[in-house]
Each structure stands twice: as C-alpha cells, then as structure tokens.
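> need coordinates for the below:
(2 chains)
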Amino acid sequence: MADVDRIPIIKMGEFLLVSIQVDMHDRLAMTLQDDLTASIVRHRARGVLIDISSLEIVDSFIGRMLGNIAAMSRVLDAETVVVGMRPAVAITLVELGMSLPGVRTALTVERAMEMLRASVRAAAPIAPVDDGPVPD
Amino acid sequence: MARNAGSRVAEILDKHERDLLAGWIDRQLKVPGVRRDLLDEPELREQSRQFLRLVRDAAARAGVEDIDTTEWEPVREQLRALSRERARRGFTPSETAMFVFSLKEPLFARLRQEIGMDLNALADETWAANLLLDRLGLFTTEVHQQGREEVINRQNQDMLELSTPVVELWDGILALPLIGTLDSVRTQIVMENLLQRIVETGASIAIIDITGVATVDTLVAQHLLKTVAAARLMGADCLISGIRPQIAQTIVHLGVELQSVTTKATLADAFAVALARTGQSVGRGRTSA
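Got it, this is the predicted structure:
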C-alpha cells in the first residue's frame, strides 16, 4: 500500500469535509492539522466535518489531535463535528481518559451536516457583513 | 520397612473385602447427620462396593503410597464422579469426604486383628492406611470444590449475559435498564452492548436507568460516566434515570460529579426529555366511539 502523506480536505459550501480512510500516524496527523487550519482560513469555513468511520486504531496522540483540531477550529470560528466513531475506538479513548469534552460528535454524516447548519443558523445574527444589515 | 509399609493394607483389602464393606456401610449409615434424604441405601451400597473393589485392585497393583499413578486412575475417576454427583445433590464437602473417611474405622479394626501384638508393624500399617484414606478424602473435597466453582462460574456468565439488555424504546431512543452491581467487567460488557446497539439502530439518545442498581459509589459513578462519555464520542446523548432518593444523597455526600450528564428521577421523565430532543411526541390517542 502506497504511503499516504496527505489526507484530502474537501470544501463543501461553507463547510470542510475530511474523511480519514487510513490508519493515522503521527506525521500524517500533524500535516492534517496544518492543512486544515490553513483551509479554514483560506475558505472562511464555518464548519469542519471529520469522518473517522474507517479509523480502527487510535492512541492518545490521535485523540489529542482530534481535540486540538476542534479547539483550533473554534478559535477560527468554525464548528467541528467528529462523525462515525467506532465502538471500539470510543471505548479505547474513554479508557485512555480522553472523552474529548470540546468535540461535538454525530453518528452519521447527515446528522453532522444538520448540526453544522443549525449552529451556523444560530450564529447568523452576528454573521458576515455581506448578509446585509442586521435587522432591528 | 518403608517400602513394605502398607503391604498389609492391600492384603487385608483383598482378603476381607466383604467384611470391610459390611462394616464400612454400617459405619456410613450411622454417621451423625447422614443424608438419607439425598441418597438411598442401595445406591450407597453399590458405590461403596465399587469403590472398595477399585481400591483393592489399585493397591494390589501399585501399592498404597502414591495415588497419583495411572493404576489409581479408576479410583480417582470414581471419586470424581461421586463427588460431582454429591455436590450437585447438595452435599456439603465434609459430608462428601466422610464417604472415604468412614472407611478408617473398619479398616483399622481389621488391621489390629490381623497384626495383633506387633506394635511397630501395627503403627506402620495404620499410618500407611491413614495416609491413603486422607489423600483420597482430600481428593473428593478438591473435586467437590471444583464442581461448585464450575457452577458458580456458569451462573456468573449467565448473569452477565442476562443482565445487560438494550431495548429500543422509540424511534432513535434506546434504554438500558441496569440491575445489580456495576463492576468494571460488567461496565465493559454494558458499554460494548450499548455502543453496538447505537451503531445498529442509529439511535441518537440512550437512557441508562439505574433503578435496579443497589448502590452507587464513586467507582460505579465513574463507570457510568465512562459509558456516557463513550456513547457521546459516537454521537449519541445519554440520560441517566432512576436515581432513588438515597442514591441522590450518596452521590452528593461522596462529591461525585454528575454535572455533565442529564439526570432524571424516573425513566418516564427521561423518556419525555428524549422525545423532546428528537422532536417527537406521544399523546393520548382519541378514543374511537
């Protein structure tokens, strides 16, 4: 299997979609962090959806990375939703003492999109200027 | 001398089998607290006869020093079967061991008769016979114990499987009624079951009902929170319901943090919350006619 050195980040409207299909190693995780923060800024994304349904193995580093990505996105004003965590992965993370308190989670991609849309809608009154003047 | 110790035992077993058997059975029936209710006399007679014959054969072939040899295997086999059977019927370990120990009296009496005044020989032979019967008696106790342990293990396993059902209450709402104590092994099974069902049903809310949990201490609370955290990681919310008044008090006295979880007093309340969160409602249907 060819060594993957980048995880693709797909732009979908005002959201970014990341699907992790390979086992994460530490360098890959760091690259993803760099790429993702850069993309959020470049595309002015309001939400990030990370699909980890193919991820079978996690360690504390990957767990921390997920938490970090969520925290960084929040600083850049984008919500992060982690989608499709497997039971075994969830148990492992909890046993490692990482319950990722700052990360929002969803079971399916549809539900995650709904959550992102809802949170963007909720934040609408103070949203970009090009939406027109704020109604009184 | 040591080599010969017990040779007379084998000889006596061979020569006086019938008398020994009669004496032994008589003795067994007279033991205080004999379990006539659990075992009838013909069965006891048959077991004793068979046992004595097997011991006689084994002693004649391999001596009485060591009961772990292959020659003694038939004896061990019978004792194993007998011990298991008695354990199953509810005999205590000592009642089971008495089967062997009660053979001492007739055997020693017979030794005394045979050897007569040679006190050294009598002491040696008695010692050899004593050792043999002690070993056999202990063997029955061990097997008895093993039998009990097997029963306990099986019941344990059954309980684990029975006690963690995950039920689908409504579309997208799961309930997990917990009963009994929550230790780390059960938490693991509960967690796995719950998460698996969340994946299968695509439920977004799970209600953990602890009405049947006897006590909640810090450890149990921690196990509960772990389960909640794992479910949340998968994208499902957890509610905890069925907190009894005493348990609410204990939780606060122990300083357990349950702030991060929605808790409700009854399953019905939690269900109402779950319905509201999933945007569903259940109402009293209009009665026809």
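> okay, CA-based contacts and neighbour counts for the rest of this
Noted.
> which residues in the stretch 101-250 of chain B form strands?
Remark: strands assigned in the stretch 101-250 of chain B by DSSP state E, counting those that start in this stretch are B:167-170, B:173-179, B:205-212, B:237-241.
> partners of the shortest one, with directions?
Read it as strand B:167-170. Its sheet considered, strand B:167-170 pairs with strand B:173-179 (antiparallel) by DSSP bridges.
> need the residues that contact the partner strand.
For strand B:173-179, contacts defined as CA atoms under 8 Å, 6 or more residues apart in numbering or on different chains pick out B:163-169, B:194, B:198, B:203-214, B:274-275.
> recalculate using a threshold of 6 Å.
With contact meaning CA atoms under 6 Å, 6 or more residues apart in numbering or on different chains, strand B:173-179 is reached by B:V166, B:V167, B:E168, B:A203, B:I205, B:A206, B:I207, B:I208, B:D209, B:I210, B:G212, B:V213.
> quick check, pLDDT for the fifth one.
Reported pLDDT at B:I205 in the predicted model: 94.
> and it, how many neighbours does it have?
For B:I205, the tally of surrounding residues (other CA atoms under 10 Å in any protein chain shown) stands at 26.
> that one and B:L239 touch, don't they?
No. The pair formed by B:I205 and B:L239 falls short of the contact definition of CA atoms under 6 Å, at 7.6 Å.
> would you list every one of the helices in the chain?
In the absence of a named chain, this looks at chain A. Assigned by DSSP state H, the helices in chain A fall at A:26-43, A:60-75, A:87-95, A:109-122.
> hmm, I had chain B in mind actually
Per DSSP H, chain B carries helices over the ranges B:7-15, B:17-30, B:41-62, B:73-89, B:93-101, B:104-115, B:119-162, B:184-201, B:218-233, B:245-254, B:267-277.
> thinking again about what came up before, same list (the helices of chain A) but as JSON lines, adding distance to B:V143.
Below are the helices of chain A laid out as JSON lines (distance: least, CA to CA, whole Å):
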{"stretch": "helix A:26-43", "distance to B:V143": "54"}
{"stretch": "helix A:60-75", "distance to B:V143": "47"}
{"stretch": "helix A:87-95", "distance to B:V143": "39"}
{"stretch": "helix A:109-122", "distance to B:V143": "58"}
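> and the ones you listed: which comes nearest chain B?
With CA to the nearest CA as the measure, helix A:87-95 is the member of these nearest chain B (5.0 Å).
> how far away from the center of its chain is that closest one?
18 Å (CA atoms, centre = their mean, to the nearest Å).
> flag the shaky bits of chain A, pLDDT-wise.
A:1-4, A:124-136 (pLDDT under 70).
> just the closest residue of it to chain B, please.
For chain A, CA to the nearest CA, closest residue to chain B: A:A106, 3.7 Å.
> report pLDDT for B:H16.
On the pLDDT scale, B:H16 gets 83.
> then the one 4 residues further on?
At B:L20, the predicted lDDT confidence score is 85.
> may I see the strands of the stretch 101-250 of chain B organised as JSON lines, with distance to B:R8 added?
Putting those into JSON lines (distance: least, CA to CA, whole Å) gives the following:
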{"stretch": "strand B:167-170", "distance to B:R8": "70"}
{"stretch": "strand B:173-179", "distance to B:R8": "61"}
{"stretch": "strand B:205-212", "distance to B:R8": "64"}
{"stretch": "strand B:237-241", "distance to B:R8": "74"}
